[in-house]
Structure formats: structure tokens, C-alpha cells
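**Q** sequence first, predicted coordinates after that:
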Amino acid sequence: MNLQRLNRQMLGKLAVVTAAMFAFGYGLVPLYKSICELTGINVLALGEQTIPGERAKLPANTQVDLSRTITVEFDANSRGVWDFKPAQRSLQVHPGELTTVMYEFENTQKRRMAAQAIPSYAPQQAQAHFNKVECFCFNQYTLEPGEKKSWPVVFVIDSKLAKDVNTITLSYTFFEVGSGTPPAPVASVKAAPLLGQGS
């Protein structure tokens, strides 16, 4: 009889502990969010603060140079029988601004292929200031016959880029792996005719 009473008491204590653990786990998320908002530890919590009738305002990115606008042109070259092109030919960005552009690819061959892209920049000095956060050129891809892909290029242009550079051309050459890596494309410069030469 005494043993049964002890068992019931133990069972009651275990039930109370289980309920307390469940309540603690359930309340942990709002508690964590409240602590983060009070201390300012979690910046993501700022994005969830809303004012009635207004959209949430995030802190401005002070690294964006709004006083400058740079035109970025996108180019695509193929070393093979497939379609490869940017979704848009150009856009205007501010230095320090995170920007995403898409490139589209289609394997028009009747066989599987492995391919990779290599980038180049014009003017050449822009390369050191063109920072790619995400790029399909980081990897090789295997594509089935007729397979289509869309890949992002996420980039930021460093505000230390020379002030006289107002246009950057980002060019990709897509080549089949195993066919020999082509040299990076070089922006062509048309030579001016020499003085004294006839037409």
C-alpha cells in the first residue's frame, strides 16, 4: 500500500516536470525574441517590428554610395552548341549595393555535357573591385539534353573603384569541361587610324 502511494507521488512529480518542460519549450521562442529585441543582439528581429499602416523600416546600409551610379553591362559567350545569355543586358547600381542578375542556359545538344563558365571584366581594373557573393562560375555543371537552367550572380561593387570608371562589362565564357579551358575573353578596343594613311 505504501509502495503504491509512493509510485503515485512519483508519477505526479514526473507529470509536473513534463508539463513544465513543455511550457518552457513552448515559451522559449517568444522569450528569446523579446530578449533579442531588448538587447539588440538579433538584427533580424528589427525586420519584424511593424508600425500600424506603415512598412517596417530597416536601418539604412551606410556602405552604399548613393552619390555614384555605375552601369554594369552583361555579356555571354559560348564555346559550343548551346544557348547562354544574361536575362538583362545592363543595369545601374550604386557602389556597395548588393545586386542580383540572372543568366540563362540551355543545353541544345542531344547529349549530356559538363560545363563551366569563366568571367572577365572590362576595364581590367574593375576586377579587383567587383566582388561576387554568389556565382554559377564557382562550379561545374552537368546538364542533360535539352535541360534549361537559370543561375544568379550576386555581386557588390567596392566603393574604392576609381571615380572615372562609370561602366563595367562583366563577360562570361561558357565552355565544355574536357574540351580545353579557353582564355578569358578580352574586351576589344578598336584602333584609331594612323595619321597620314589613306583609306
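**A** On my side now, so go ahead. Bear in mind that the values here come from a model prediction, so they are computed numbers and not experimental data.

**Q** three-state assignment of G25?
**A** Three-state assignment for G25 (DSSP: H, G, I helix; E, B strand; the rest coil): helix.

**Q** burial count for it?
**A** Counted with other C-beta atoms under 10 Å, the neighbours of G25 add up to 9. (Each C-beta comes from the backbone N, C-alpha and C, glycine too.)

**Q** just L170 next, same as before
**A** So L170, with other C-beta under 10 Å, has 24 neighbours.

**Q** check which helix or strand the nearest residue to it once chain neighbours are set aside maps to.
**A** With C-beta to C-beta, 6 or more residues apart in numbering as the criterion, L170 has its nearest non-adjacent residue at 5.6 Å, and that residue is F74. Using DSSP states H and E, F74 sits in strand 70-79.

**Q** just the buried residues of that strand, please?
**A** Neighbour-count burial for strand 70-79, counted by 16 or more other C-beta atoms under 10 Å, picks out 70, 72, 74-76, 78-79.

**Q** pull the distance from whichever helix or strand comes after it to the chain's centre.
**A** Next in sequence after strand 70-79, counting helices and strands by DSSP H and E, comes strand 83-86. Computed by C-alpha atoms, centre = their mean, to the nearest Å, the chain-centroid distance of strand 83-86 equals 19 Å.

**Q** got the buried residues for the helix or strand just after strand 83-86?
**A** Downstream of strand 83-86, the first helix or strand assigned by DSSP H and E is strand 90-93. If you call a residue buried by 16+ other C-beta under 10 Å, then strand 90-93 has these buried ones: V93.
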